[in-house]
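J.: need the 3D shape of this:
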Amino acid sequence: MTAASAPDNRDLTAQSVLRLVHIALEAKDLGTGVVPTLDELIHHTAAVGAAYFQLKLPSGEVQSAALPQALIYQVRAAAGEMPTTPGMQAVAAHGLPSDTPLMQALLTRRTPMFFDNTSVRPETIGFPELGVVSLAAAPVMGKRGELLGAFLMHTFEAHTWTEEEVRLFSSVVGTIAALMARLAAEEQVNAARESALRALGLALEARDRETQGHTDRVTALALRLARHLHLGEEQCQALRWGAYLHDIGKISIPDHILHKPSSLSEDEFELMRSHAEVGHRFASSLGFLPSESLEVVLHHHEKWNGKGYPRQLAGSDIHLLARIFSLCDVYDALISERPYKRAWTLEETHAELAAQAGHHFDPQVVSAFFELLRGDAAGASSNALIN
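T.: Below you'll find the predicted structure:
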């Protein structure tokens, strides 16, 4: 769209804001909430491309004025055309450093900025080399005044931003920015929770003397199988969180039983089996885990034929995520060396899984698992799955 045809209808701006706010309020993740805004900017201004950059924090840290400036703003969403220059490819891959003049300017000014020609302004140093000739930028601020991210839209040719374009960009982005800050904050909370859950899983793994890396391997494999079965990201997150905590109930098992090299007695085995319910109570007490995660913790030892524990559930009464995780957990245990067993060969392991389809495991999950293995065997990623 050229500047001459840019909209001058104030009702359009109001309608755009209302519609985009509605979308952002219903968005379950930041990308879903941002992309419609970027599309709106491109459709109703001369911009040929737009993007949202979000601050990537070091693991476990919260942004504050005391943090060093060597932080990065990564592309979280983009729409339209992007420059094909090597510099822009580097930005897309690695992000914008927080000491970039534009990001520093947004942090200081905290209001939208418009640049008709990036080659003549100190705030846009580096952008001409990226292939961006005119630029509009707006900050997304946190509650403490920290710069969480920025909306950018650009053209490849010199362009004077019109009054209507300035109004649309300022109104739309200014309203959506507050919602994006909320979604970004929720992402940070989820990231902190995920780090804590994984740490719990790894700590238990160390006490249980499992093969090193068991928790991460089984979690990664279960996620791959879940995606192969076309499960959504919410279900995958629930699976991941449940996988981290699947054996957390073993904190209640005495060392002399947990580390016993020989077979357990009936009483000892009964106590060992209690870890599923103990783990479920512990995980439930955290208060934020979705019910699907709790299903993984409680039911990953159930069997398709109803002979598992703790509830003797059978068939589809066992939650799908628990069925997926159970298969991957057993697979990793079989191919790994343990103090009480040698590592099984892949041929032995595959034969055992096939034999247990319809008994221990959901036959459809077993079939999907073998499809995944066959697909990976044909590609370069096969070693990462099998080793």
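
J.: quick check: which ranges of this structure have low pLDDT?
T.: Screening the chain residue by residue with the criterion pLDDT under 70, one finds the ranges 1-31, 57-70, 175-189, 206-212, 339-340, 377-387.

J.: and it, split by domain according to the record?
T.: Here the domain assignment for the chain is 3-187, 209-386, based on automatic domain parsing.

J.: now these as CSV including mean neighbour count and distance to residue 198?
T.: Glycine gets a C-beta too; all of them are placed from N, C-alpha and C. CSV is the format used below for the domains of the chain (neighbours: other CB atoms under 10 Å; distance: least, CB to CB, whole Å):
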stretch, mean neighbour count, distance to residue 198
domain 3-187, 17, 11
domain 209-386, 17, 5
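
J.: same list, those domains, but as JSON lines with distance to residue 197 please.
T.: JSON lines is the format used below for the domains of the chain (distance: least, CB to CB, whole Å):
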{"stretch": "domain 3-187", "distance to residue 197": "13"}
{"stretch": "domain 209-386", "distance to residue 197": "4"}
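
J.: residue 203 is nearest to which of these?
T.: Closest approach to residue 203 among the domains of the chain is made by domain 209-386 (9.1 Å; CB to CB).

J.: pretty sure residue 218 contacts residue 332?
T.: Yes - Residue 218 is within contact range of residue 332, at 4.9 Å (criterion: CB atoms under 8 Å).

J.: of all the domains of the chain, which one is nearest residue 193?
T.: In terms of CB to CB, the element of the domains of the chain nearest to residue 193 is domain 209-386, at 6.3 Å.

J.: run the chain-centre distance for the closest one.
T.: The gap between the average C-alpha position of domain 209-386 and the chain average comes to 21 Å, counting by CA atoms, centre = their mean, to the nearest Å.

J.: could you pull out the strands for this protein?
T.: Applying DSSP state E to the chain gives strands spanning 49-56, 72-80, 96-97, 113-115, 134-141, 147-155.

J.: could you list the paired strands of the shortest one along with their orientation?
T.: In the sheet containing strand 96-97, the strands it pairs with under DSSP bridges are strand 72-80 (antiparallel).

J.: can you list the residues that contact the strand it pairs with?
T.: Contacts made with strand 72-80 from outside it, assessed by CB atoms under 8 Å, 6 or more residues apart in numbering, are listed as 30-31, 34-35, 38-39, 42, 47-56, 91-92, 94-98, 100, 103, 149-150.

J.: could you rerun that using 7 Å?
T.: Applying CB atoms under 7 Å, 6 or more residues apart in numbering, the set of residues contacting strand 72-80 from outside is 30-31, 34-35, 38-39, 42, 47-56, 92, 94-98, 103, 149-150.
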